[in-house]
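A.B. asks: Turn this into a model:
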Amino acid sequence: SVVEAAAAHDYDVLLSPSGVDSDRSFQRLLGERRVDGAILMEIRLEDDRAEHLAALGFPSVAIGRTAHPEDGWYVALDHTSLAAACVHHLADLGHRRIAFVNRPEQLLRTGYESAHRGLDGFTKAAAERGLTVRTYCCGDDAAAGQACLEQILHDDPATTALVTLNEAALGGLYRGLAHAGRHVPRDFSVTGVVANRWAETVTPQLTAADVPAAEMGRLAVDLLVERLDHSDAPPRQHLLTPPISLRASTGPAAGTPSADA
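C.D. replies: Just a heads-up that it's a prediction; the model follows:
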């Protein structure tokens, strides 16, 4: 979506796969002024790239938020609110024992912002509702998702629902439930913060706060072009909180009146 939006403004896009600490090409692009501006993704709470660009006065926009977003230009999802909304949705359905499936442990250790903010939203909402919860880090693939689901049921067989931020593990989570004989949503509900292209590829389709990836890319390009055209403009931000799209993967917890009806 970034490439398509940039083309509409007659800009080309060059891709640098990692940050200023580890990728010399990124530094060359900046040092030799081969690019007019930068869009940063995979944001960490303390992000050396964002700090480096700010120190240089180089025009940049982030897709995501650092721990100090006030002075930055960014487009981001409110993962704290979205994870909390997923918890409240499940609690409203009568679920009392819920698991949280996050991104890989390495990303959490390095301050990956969506993983931290999602965990924070989940934990606080669960405390508000008096739920029994466990949290898990999970690799970004189906095999890791299946192994994580098996661990969830091993740790607490009475778990009836989960919230996930891990799109790539989603198929494995479903497969693990099937192997355990848990029917979705009759026996187990699944929800999370997931792009709709992932949510709609599983069966039953996932009830989720859909990540508006295309919109985020377009908004990031629009902000960067605005910054390039108006170098003295004050920072602008877009913090997005999409609603939960109700599909077919969540239902009343077993034993609740609506589930028994």
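A.B. asks: can you list the weak-confidence ranges in the stretch 151-261 of the chain?
C.D. replies: Counting by pLDDT under 70, the stretch 151-261 of the chain has low-confidence residues at 256-261.
A.B. asks: As a check, name the ranges of all helices in it.
C.D. replies: 170-179, 196-199, 213-229, 257-260 (DSSP state H, counting those that start in this stretch).
A.B. asks: helices or strands up against the first one?
C.D. replies: It refers to helix 170-179. Counting contacts by 3 or more C-beta pairs under 8 Å, 6 or more residues apart in numbering; DSSP states H and E, helix 170-179 is packed against helix 142-155, strand 161-164, strand 189-195. For every residue, glycine as well, the C-beta is placed using N, CA and C.
A.B. asks: switch the cut-off to 6 Å
C.D. replies: helix 142-155 (3 or more C-beta pairs under 6 Å, 6 or more residues apart in numbering; DSSP states H and E).
A.B. asks: again with the third one
C.D. replies: Identification of packing neighbours for helix 213-229 by 3+ C-beta pairs under 6 Å, 6+ apart yields helix 2-8, strand 60-63, strand 74-77.
A.B. asks: Switch those over to a markdown table; also include mean neighbour count, mean pLDDT and distance to His116.
C.D. replies: Below are those laid out as a markdown table (neighbours: other C-beta atoms under 10 Å; pLDDT from 0 to 100; distance: least, C-beta to C-beta, whole Å):
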| stretch | mean neighbour count | mean pLDDT | distance to His116 |
| --- | --- | --- | --- |
| helix 2-8 | 16 | 94 | 24 |
| strand 60-63 | 24 | 96 | 15 |
| strand 74-77 | 25 | 97 | 13 |
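A.B. asks: circling back to that earlier point, who wins for proximity to Leu53 among the helices of the stretch 151-261 of the chain?
C.D. replies: helix 213-229 (11.4 Å; C-beta to C-beta).
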